[in-house]
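In: got a structure for you, letters missing:
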């Protein structure tokens, strides 16, 4: 509009209110419903409309402005589970602000005094509450509006609050590219501190992109350079969280090369803060007399989060690495653990004493690194924890359920011939330790399933028989009143493991018997044991491995049962591409006389289901 004119034609939807008094004007605005608040807002919007439809601009009274200020505040603070009402609240809050801005632009001196940065902040927060990508973009555009109507060279604490709100909104957003938007806001801020940098770096770290570590470190370098250029009296400097966030970014980066090595490099920078920040030996010596909150060198020394994040970086090391870093990850993790112990015992860093969480992180690395001795090394680490606890009296390293389950899992996944027996012995050790009160970690279903998995992976009918016997014992023990602590019952995954064990050695009838048993238990009221698509697919796989001459026909029969169950509304049995592929494989391996035509028919049915919305095909 022409802001130099005192009058202009405005929003056609606004009409002169027929009422001469504000509706519910004597009630607190916080007591009004959304509809009442909307009616009141529309009333005040109509007050400067003349009978001829022309809207007076620049003549609003201080009382009217005060009402718009109250309305803006009420709308911006409205919180509703209904998305459309949240949008309405943001729109209405912004409309109230724009009414006042029009008065300011038209030269109304009262508006100059009435409009505050807090009004922009409230409207921005209202749009951020809506939560969509477009709403965040709109909130960002309100910063442009703020800059248009204020002195761009002067940034007050209130205007900084507006920038920070939008920046934090983008940092919390899950929208793709939100980290780019956040950094754009960061660059627009004239007064920014380390918290703003850390928030942007954290958003970069959470995106998991291959270059996340490099992008986060680029911002860390900006902080370090700023400190180096200004020296001890610098207004902005990195802190421990800055470095930890970059380590996290390298740890989370998916497909990034040398992520763990780069994360450990950042750790080295934290361990030598004087060199990292370019602090001279004289200044470093002088800083030793300062309290911790004023000593920048102490503020970036690593903590347990730093070291644990490095361990996670090794755990997430790319398994397809060509330089062997994946198989060496367990060794690297243990070296880091020993380094932490040495630093703590040597008095160099009292805040990094390894605890149960630290040891569990190392066990996780061993479990993921694919090292042939991962099971043995994991068990040795557990023994070390028990020794420190039992003989050394260290309560910070008591093994918990995660510890035992991790070691059992690592043993189960090893290729050693005796891995099932070792996993079973460790489970029994866990049970006895719990019953004696030595540890608080009670075996759970994950513990038992890990041992079942060890038998299943070992192969052969003898191992499958052991797995089924263990499943039977677990089922019986779950109802034994004498063992009140053991309320554990097998779950669907337990049965699926044992079915897989029989299927891998070609004993399809055994697999079918377990499927029938699950179905019977479900019919008896044990709904948590209802077979799922994995159960059915595992039995189909058993038929595909069977030497039974009728195996493909029986597999097809089971597939038809799955289809009928799905048609009857049972989505848990809905066949997927693996279901059909397994039956096709069973026919292709057989000597069934019509296997070619049967295979083509199955492929046609897959195509039909896919074209009719079954995207799992």
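Out: Done, it's in. These numbers were taken from a predicted model, which means no experiment stands behind them.

In: What's opposite the nearest residue to residue 48 once chain neighbours are set aside in the beta bridge?
Out: Distance criterion CB to CB, 6 or more residues apart in numbering; nearest residue to residue 48, sequence neighbours excluded, is residue 56 at 4.7 Å. C-beta: built from backbone N, CA, C; applies to glycine. With DSSP bridges as the criterion, the beta-bridge partners of residue 56 are residue 7.

In: Name the nearest residue to residue 273, sequence neighbours excluded.
Out: Using CB to CB, 6+ apart and skipping the chain neighbours, the partner closest in space to residue 273 is residue 297 (4.3 Å).

In: who's in contact with that neighbour?
Out: The neighbourhood of residue 297, defined by CB atoms under 8 Å, 6 or more residues apart in numbering, consists of 273-274, 277, 279, 284, 287.

In: thinking again about what came up before, what is the burial count for the residue nearest to residue 48?
Out: Other residues within reach of residue 56, judged by other CB atoms under 10 Å, total 15.

In: again, but for residue 308
Out: 23.

In: now swap in residue 66 and tell me
Out: For residue 66, the number of neighbouring residues by other CB under 10 Å comes to 12.

In: What average pLDDT does the helix ranked longest in the chain get?
Out: Secondary structure of the chain per DSSP state H: the longest helix is helix 83-105. Taken as a whole, helix 83-105 carries a mean pLDDT of 95.

In: Could you point out the helix or strand that follows the helix or strand where residue 214 lies?
Out: Per DSSP states H and E: residue 214 is located in helix 212-230. Where DSSP H and E defines the elements, the next helix or strand beyond helix 212-230 is helix 240-252.

In: Tell me the buried residues in the next helix or strand after that following helix?
Out: Where DSSP H and E defines the elements, the next helix or strand beyond helix 240-252 is helix 259-271. Burial within helix 259-271, assessed by neighbour count using 16 or more other CB atoms under 10 Å, is assigned to 259-260, 262-264, 266-267, 269-271.

In: Which secondary structure elements does the first helix or strand past helix 259-271 going along the chain sit against?
Out: Scanning the chain past helix 259-271 towards its C-terminal end, the next helix or strand to appear is helix 273-277 (assignment: DSSP H and E). Contacting helix 273-277 under the criterion 3 or more CB pairs under 8 Å, 6 or more residues apart in numbering; DSSP states H and E are the following elements: helix 212-230, helix 259-271, helix 296-299.

In: any idea how far the helix or strand just after helix 273-277 is from the chain center?
Out: Later in the chain than helix 273-277, the nearest helix or strand by DSSP H and E is helix 281-287. Average the C-alpha atoms of helix 281-287, do the same for its chain, and the two points are 41 Å apart (CA atoms, centre = their mean, to the nearest Å).

In: pLDDT on helix 281-287, on average?
Out: Over the span of helix 281-287, the pLDDT mean works out to 89.

In: For that helix, which helices and strands make contact with it?
Out: Where contact means 3+ CB pairs under 8 Å, 6+ apart, helix 281-287 is packed against helix 296-299.

In: Show me the contact partners of whatever helix or strand comes next after the helix it packs on.
Out: Downstream of helix 296-299, the first helix or strand assigned by DSSP H and E is helix 304-315. Taking CB under 8 Å, 6+ apart as the criterion, the residues outside helix 304-315 that touch it are 240, 243-244, 247-248, 250-251, 259-260, 263-264, 267, 270, 329-330, 332-333, 336-337, 340, 351-355, 357-358, 361-362, 364-365, 368-369.

In: Ok, stretch 382-389 next?
Out: Contacts of stretch 382-389 (CB under 8 Å, 6+ apart): 356, 359, 363, 394-395, 397-399, 403-404, 407, 426.

In: if we can go back for a sec, mind listing what's buried along the helix holding residue 214?
Out: Within helix 212-230, the residues that count as buried by 16+ other CB under 10 Å are 212-217, 219-220, 223-224, 226-227.

In: Show me the two of the residues you listed that sit farthest apart.
Out: Pairwise distances across the buried residues of helix 212-230 peak at 23.3 Å for 212 and 227 (criterion: CB to CB).

In: Quick check: which ranges of the stretch 351-500 of the chain have low pLDDT?
Out: Where the stretch 351-500 of the chain drops to pLDDT under 70, the residues are 479-487.

In: hey, where'd the helices end up in it?
Out: 356-369, 374-390, 401-412, 419-436, 445-458, 461-477, 492-504 (DSSP state H, counting those that start in this stretch).

In: Show me which parts of the longest one are buried, residue by residue.
Out: Burial within helix 419-436, assessed by neighbour count using 16+ other CB under 10 Å, is assigned to 419-424, 426-427, 429-431, 433-434.

In: Include distance to residue 390 when you put those residues into TSV, please.
Out: Formatted as TSV, the buried residues of helix 419-436 follow (distance: CB to CB, whole Å):
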residue	distance to residue 390
419	26
420	27
421	24
422	21
423	22
424	23
426	17
427	19
429	13
430	15
431	17
433	10
434	15
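
In: among the contacts of stretch 382-389, which ones are buried?
Out: With neighbours counted by 16+ other CB under 10 Å, the contacts of stretch 382-389 contain buried members at 356, 359, 363, 397-399, 403-404, 407, 426.
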